[in-house]
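Asks: Need a 3D model of the sequence below.
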Amino acid sequence: SKRFMRRSAFIEARVLGGGCRVALVTYSLAQLLRAMDSWAAAHAAGLPVFCPASPILLRRVSAGSNLASCRPAATCCSESKRSDEGSAQGATSKASAPGVRAAVARIGGPIKPLQPWSAIQSVDMRVGVVKSAKLPQDMQSKYKKISQPVFVVWSDFGDIADWPHPGEWAASTNCITAAKIRTYYSSDLLNTGSVQMVGLLNAGVKQVGKLQTYYLLTGAYTDDDLDVHNVARSVPLVAVDPGTRMTILSLRADGTRYEAEPHAGGVLRHDLDFADDFEAKLDLRVGAVTAFEAAAGALSVSVNFGDDLLLRTRVPQSLGDVIDSEALLGKLVVGMVNLEPTDDNTFLMLGFIRRNGACVPLSVDQPQPGLPPLGARVC
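Replies: Sure, this is the predicted structure:
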């Protein structure tokens, strides 16, 4: 049975016959609960309560089990272990409670706390072309010990001004990462030299075993299985030049852009903190275009992000220059769905600007029909 407490602050879930009682506290009301002294009240009632650092997904556990049975969601297609051990320890110290590991639903789930449109400006994601890919066991001996199910991937993001990383495998035209994309992508496909992808370039240098990596390959989850890493890669809806940086396609109410049009090869944005600036703040999801109409020199586009989450935004009419308007229906796009209300947009459509000024939405590859599902989170 479920009992909703005052203001739906938390839900007490009783599993009949299971001997398990857990109070789930919504992250967005954590401050309110502290003010109400609800933590003490819950503990007095004999309920194990903790404050999550972010929304979590709990699996049902058997009698006698504890909250340590929670499993974390993986963070990104690319392995993102920090090269700086101190940073890793610092991230661990932010755990909400001893023995508790937070996880966010990979498909759908509660929307993260609302953010201003400028939150997306901490991210530097650019289109690259996969040059080659190898399994760790096919590389030099010191890399053979990499146990994660990854491809080592070299990608070309074009020339980037003031690129900060020296070295053959660190160059922006030959940049390396280790990516968990083996479920849907073969070595033969990745080595064709024509596969586009979208990389996060300002997450800092990461260490995977003996391998240093310099970008994170992004994609969308295709299921909620926390034991595996099934991901479809992020791509532009139609091909764009390598090095093109992701931007906000949505327009303000007066028809102007939120940010200046980016140019390929521009200087990288400052390094972000992946956990704080990306995972905690940005809720990027896959949706399908359901309707559109011309309105005041723009296109008003409705997108279904699954779970009855139907949102609307205004984008430039130049979208019709890269894809026929009728063909746009049903196409998958990626949007920031935890947007604070702004200029009548209920989400931000993300994408790229071609050299001719036409806008191209950020999308995801569909390795199988129906995958990734609507509402899949981009990581």
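
Asks: what about the strands in the stretch 201-350 of the chain?
Replies: Along the stretch 201-350 of the chain, counting by DSSP state E, counting those that start in this stretch, strands occupy 206-208, 211-213, 216-217, 219-221, 231-236, 247-248, 284-295, 298-304, 310-316, 332-336, 348-353.

Asks: want to throw those strands into JSON lines with mean pLDDT and distance to Gly167?
Replies: Every residue, glycine included, has its C-beta placed from N, CA and C. Formatted as JSON lines, the strands of the stretch 201-350 of the chain follow (pLDDT from 0 to 100; distance: least, CB to CB, whole Å):
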{"stretch": "strand 206-208", "mean pLDDT": "94", "distance to Gly167": "14"}
{"stretch": "strand 211-213", "mean pLDDT": "97", "distance to Gly167": "8"}
{"stretch": "strand 216-217", "mean pLDDT": "98", "distance to Gly167": "18"}
{"stretch": "strand 219-221", "mean pLDDT": "97", "distance to Gly167": "26"}
{"stretch": "strand 231-236", "mean pLDDT": "98", "distance to Gly167": "25"}
{"stretch": "strand 247-248", "mean pLDDT": "98", "distance to Gly167": "29"}
{"stretch": "strand 284-295", "mean pLDDT": "95", "distance to Gly167": "30"}
{"stretch": "strand 298-304", "mean pLDDT": "96", "distance to Gly167": "41"}
{"stretch": "strand 310-316", "mean pLDDT": "97", "distance to Gly167": "39"}
{"stretch": "strand 332-336", "mean pLDDT": "98", "distance to Gly167": "31"}
{"stretch": "strand 348-353", "mean pLDDT": "98", "distance to Gly167": "28"}
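
Asks: could those be laid out in CSV, adding mean neighbour count?
Replies: Listed next are the strands of the stretch 201-350 of the chain as CSV, based on neighbours: other CB atoms under 10 Å:
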stretch, mean neighbour count
strand 206-208, 21
strand 211-213, 22
strand 216-217, 28
strand 219-221, 28
strand 231-236, 25
strand 247-248, 21
strand 284-295, 18
strand 298-304, 21
strand 310-316, 20
strand 332-336, 26
strand 348-353, 25
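
Asks: and Asp156, which of these is closest to it?
Replies: Smallest distance to Asp156 across the strands of the stretch 201-350 of the chain (CB to CB): 13.1 Å, for strand 216-217.

Asks: Next one: Leu201 from Leu339, what distance?
Replies: 23 Å (CB to CB, to the nearest Å).

Asks: more crowded one of those two?
Replies: Leu201 (26 against 22; other CB atoms under 10 Å).

Asks: pretty sure that one is in contact with Trp163, am I right?
Replies: No. Using CB atoms under 8 Å, Leu201 makes no contact with Trp163, being 9.3 Å away.

Asks: Any chance you could list residues touching both of these two?
Replies: Leu268 (CB atoms under 8 Å, 6 or more residues apart in numbering).

Asks: before we move on, back to that, save the strands of the stretch 201-350 of the chain as CSV, and put in distance to Gly255 too.
Replies: Formatted as CSV, the strands of the stretch 201-350 of the chain follow (distance: least, CB to CB, whole Å):
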stretch, distance to Gly255
strand 206-208, 40
strand 211-213, 40
strand 216-217, 34
strand 219-221, 30
strand 231-236, 23
strand 247-248, 14
strand 284-295, 10
strand 298-304, 6
strand 310-316, 8
strand 332-336, 19
strand 348-353, 15
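
Asks: residue contacts, Val334?
Replies: 220, 234, 284-287, 349-350, 361-364, 378.

Asks: Farthest pair within the residues you listed?
Replies: The span of the contacts of Val334, defined through CB to CB, is set by Ala220 and Met349 at 15.3 Å.
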